[in-house]
Structures are given as structure tokens and as C-alpha cells.
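**Student:** below: sequence and its predicted model.
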Amino acid sequence: MELYTGLRSLAVLSGGDHEENTGYEDENIGYDDSETQDIGGMFQQQVMSPSNDNGLSETPTITKRQRGPNQKNWALEGPEKLLWNRFGLPKGPRKKVARFSRYLGILAKDCSLFSISEPDFRKFNKSDNYERAWNRVKETLDLTHPRVACLESKIREKVRSKLNERWKHWKSELSKKWYKPFKNSPLRFRKPDDDRVDEDQWKVFVANNDKKKHQRMVTINKRNRSQKRMNQSTGTRTYSSLAHEYELLHGKEPDRWELFKLTHRKVGTQEPIDAASAKAIADFEEAEQNRLTMNVDITAPEIREEMYAEVLGKEKGNQVRGLGAGVTWDEVPGIHVEERGVSKEVQLLRERLEAQTKEAQEREARLMDELQRKMAEQTKKMEEMFEVRCVGMVVQKMGEMFKQCGISVDTQEDMEQTMSQFAQNISQRPSNVIFSPNDDVYRPTLPFECSDMQTD
């Protein structure tokens, strides 16, 4: 309770020194829900009421007044500055984050960018639709800060994920309001009373919904949705914004369990929002106590992730829960993931390939070492042979010179003795240098007479 009460107190904070250090101007952080209201006008909803023989009437009936479409309230005076977390998700100021999220919702409903006739958002990756949407988003953001510029690629991917989510939600709204009430009637092909819907796209959308494959998918999704037992109390607030407010209050980034407790409690009473959330919190506290009895450090990140997976299960589908939309496995080291079916086979093949690659690299390294060793041995032998050959040539030349001087050197020992005597005479008797003006060579005299020796 103290944790959530502390976050509530952030409503009076204005950003202070924290935003000065980052170069961003923050706004007051509050929890009033007025920021989620649209500045556009209020519209009257029109629906078809069953009255004629076919059970349907073409005459619209007026129902209670409801919110109209969101109007753009973002970057009206130029690019906006936002604070971003390490995943590329906006975390503050809170009101700006809410307006930015609604702006992405407006783009997702733009029929010129994202047609409702497409069955899958991935189709837009093959065209320039998303590129054009990203350029429009980028024009509204101030990405000049060096820290933000480094996150541009991550921001781009998170924007793609958010547009995908909003586009799916838009199609679900249209189906619920304009398709299901007239499912078995020709009236389902009539264009909805909404300027954001293109007539040709709507006809294709209805045709796609009529397909049996789509109907089976709807049935499966409805059954899966009915099995959901755990809800959250964030409302329009994002996980990244809550984590940012927690960090401002406590001076550290919260882990996934802290965020779970913040987002699954009722406002005011601080009680768990539902029975499933209450059980998860109780199970986590029990897991903490079990590890404390074993003298395990429950503050270690790997232990926290272990307990998270133990209570809530492993991560699936390359999505990480409790950190915000679009966060993937590779961005959060240490999490516990579950891979089934084809994923396991692919992982097994990948591991096998990596093992084979590592073995090949090691074998290649061994061959290179062996080759270098043999080359070194051959080089050494060649150097030794070259040295012996040079010595032999020197001995042969010296023997010829001594013979010209009348000195007999029949063996190598005679050669060594003669060379030793020659060296002694050199040290005892300085040589006389004879220089001739017509000759450009100095000719030192030898320490013994050798008139027959050829010097040229």
C-alpha cells in the first residue's frame, strides 16, 4: 500500500532536477482521467434496429451520446520531446505519452495507410505503407538528443508494434458495430457511417469476415478470451510510464514483480483486482519465503526472474510480459522462455549447426597451427643449410687465397690454425694503406708477403 501511495503522490511533482539532467521539460504528473478525453465534438451513435419481416430495419435509431473519434492533439506547435526507456517506449511526461498513444491510434485508422481489407498487418511490410506512417510519426518527434538518437531503431519497432495493436483493435470495433449486427443480411456490405472507412475496403473486409477460416479463428479467439482470469488496473497509463514514476520516487528501476503489484491492485483499497492476481501475489510471497529459508538472495535479478516464471509461467511467442508492448526476448536477458513444437526443432537444429561450426573452426585452427609449425621447421632447416653453404664457400675462397700466397692448407684444421695466426698478425702489425691517385680503391697491405695473389 505504501508503494502505491507513494506513486499517487507523484501527481504534485513537476519533473525537477531529473528532467534538467536529461535536457527535457517534464509536465506535472497526475492521475486524473481527464487527459484521456478527446477535444473533438460529441457524436450520436446510429445503429440498425430490428423491426421488419427480416428482423432488420434500415431506419437508424438514436442512442445515447457517446465519445466521437479522437482528434489530433499532438505536435500542433512542432516536434514534441518525450522521455524514452531503454526499450524504445515513451515513459514521460505522462500526458504527452497519452497524447502520443492516441495519435498512433489515429494513424492506425487512416485508410490511406493501413487498409482494413488486409487480413494481416505484416502485409504492409512489403509496401511503403509503414514507411510513410513512420515518416509522419518521426516528423512529430524531437529525436535530436544524442541518447534518443541512439534509440531510433528501437522506437521505430515499438511504433510498428503499437500501430499493429491499434489497427487490430480498429478492425474489431468495426466488426462489432457494423458487421455482427447484420451478419446474415445484405446490409452488412453497406458502408458504415464513419468517414474513416473506405467503401471499397469495407466490402473486402466483409468478404474476408464471411470466410469460414476467419469464422473459425473468431471462435478460437473468443474461447481463449473467455479463459482470461487476470486483469490489470492501469487504465490509460502505460507500463513504461508507471516504471518511470516508480524510478523517480525510489531512485531505481522496478523489476517485473514490482510492476505486477502496481498494475494489479485496485485504486484506493490497494487490494488485488481479482482472485487470480491475489493468488499470484500470494504465490510470489511464498516463493520468496521458501528461498529465504535456504539463505538465497531474493534481490538477485536471476532469482527474481526465476520466481516470476515459477508463479506466472515462462514467456511465450517472443513477447515479454510486464514491461510494455513490443518488448521481445532478446531485449531482456535472463528471462525464462518456453519453446514448443517447431520452435524446439528449430532451436535443436540451430544448436547442432552451431556445434558443427565450432568444431570446424577448431579443426581449421589446429590445421593452421600445424601448417605454421611445419613452415617454421622448414624455414629453420633452410637457414641452417644456407649458413653451412656460406661457410663452405668462405672456406673454399680462403683456401684458394692462401694457396696463392704459398700457404698450404690441406685440412680444415690447417685452415683454422692459419686463420688464427692471421688474426694475431693483424692485431700486432698495423696495415699500411697504399693509395694511388689513378685508383679509387684503398689497398691495405697484408701482414705477410703474397706477391702472386690476384686482388682484383
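**Tutor:** Perfect, thanks for sending it.

**Student:** from what I see, Lys158 and Arg86 are in contact.
**Tutor:** No. Counting by Cβ atoms under 8 Å, Lys158 sits too far from Arg86 to count as a contact (11.4 Å). Every residue, glycine included, has its C-beta placed from N, CA and C.

**Student:** who has more neighbours, those two?
**Tutor:** Ranked by neighbour count (other Cβ atoms under 10 Å), Lys158 and Arg86 place Lys158 first, with 22 against 14.

**Student:** ok, now which ones touch that one?
**Tutor:** Counting by Cβ atoms under 8 Å, 6 or more residues apart in numbering, Lys158 touches Phe87, Gly88, Leu89, Gly324, Ala325, Gly326.

**Student:** from those residues, which two are the most distant?
**Tutor:** Gly88 and Ala325 (10.9 Å; Cβ to Cβ).

**Student:** those two - which one has more neighbours?
**Tutor:** More crowded of Gly88 and Ala325, by other Cβ under 10 Å: Gly88, with 22 against 16.

**Student:** find the nearest non-adjacent residue to the more buried one, please.
**Tutor:** Distances taken as Cβ to Cβ, 6 or more residues apart in numbering place Lys154 nearest to Gly88, at 2.9 Å, with adjacent residues excluded.

**Student:** next one: whatever helix or strand the one you found lives in to chain centre, how far?
**Tutor:** Element membership for Lys154, per DSSP states H and E: helix 152-174. In terms of Cα atoms, centre = their mean, to the nearest Å, the centre of helix 152-174 is set 18 Å apart from its chain centre.

**Student:** buried residues of it, list them for me.
**Tutor:** For helix 152-174, burial by neighbour count (16 or more other Cβ atoms under 10 Å) applies to 154-155, 158-167, 170-171, 174.

**Student:** show me what the mean pLDDT comes to for that helix.
**Tutor:** In this model, helix 152-174 has an average pLDDT of 91.

**Student:** now the helix or strand just after it: mean pLDDT?
**Tutor:** Following helix 152-174 in sequence order, the next helix or strand is helix 199-210 (DSSP H and E). Mean per-residue pLDDT for helix 199-210: 92.

**Student:** contacts for the next helix or strand after helix 199-210?
**Tutor:** Using DSSP H and E, the helix or strand that follows helix 199-210 in sequence is helix 212-226. For helix 212-226, contacts defined as Cβ under 8 Å, 6+ apart pick out Pro119, Asn208, Asn209.

**Student:** with distance to Val218 and neighbour count added, can I get the residues you listed in CSV?
**Tutor:** As requested, those are exported to CSV (distance: Cβ to Cβ, whole Å; neighbours: other Cβ atoms under 10 Å):
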residue, distance to Val218, neighbour count
Pro119, 13, 16
Asn208, 11, 15
Asn209, 8, 18
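
**Student:** looking at those residues, which is nearest Val394?
**Tutor:** Pro119 (90.2 Å).

**Student:** residues touching the nearest residue to that closest one once chain neighbours are set aside, list them.
**Tutor:** In this structure, Pro119 finds its nearest non-sequential neighbour in Asn208, 5.7 Å apart by Cβ to Cβ, 6+ apart. Neighbouring residues of Asn208 by Cβ under 8 Å, 6+ apart: Ser117, Pro119, His214.

**Student:** gap between the first one and Tyr130?
**Tutor:** Taking Cβ to Cβ, to the nearest Å as the criterion, Ser117 is separated from Tyr130 by 16 Å.

**Student:** what about those two, which has more around it?
**Tutor:** Set Ser117 next to Tyr130 and count neighbours by other Cβ under 10 Å: Tyr130 wins out with 20 against 17.

**Student:** how much space between that one and Ser161?
**Tutor:** Going from Tyr130 to Ser161 by Cβ to Cβ gives 11 Å.

**Student:** helices and strands of this protein: which one has the lowest mean pLDDT?
**Tutor:** None of the helices or strands of the chain scores lower by mean pLDDT, DSSP states H and E than helix 16-22, at a mean of 39.

**Student:** what's the burial count for Thr293?
**Tutor:** Neighbours of Thr293 (other Cβ under 10 Å): 8.

**Student:** helices of the stretch 251-400 of the chain, start to end?
**Tutor:** 256-263, 275-293, 301-312, 342-404 (DSSP state H, counting those that start in this stretch).
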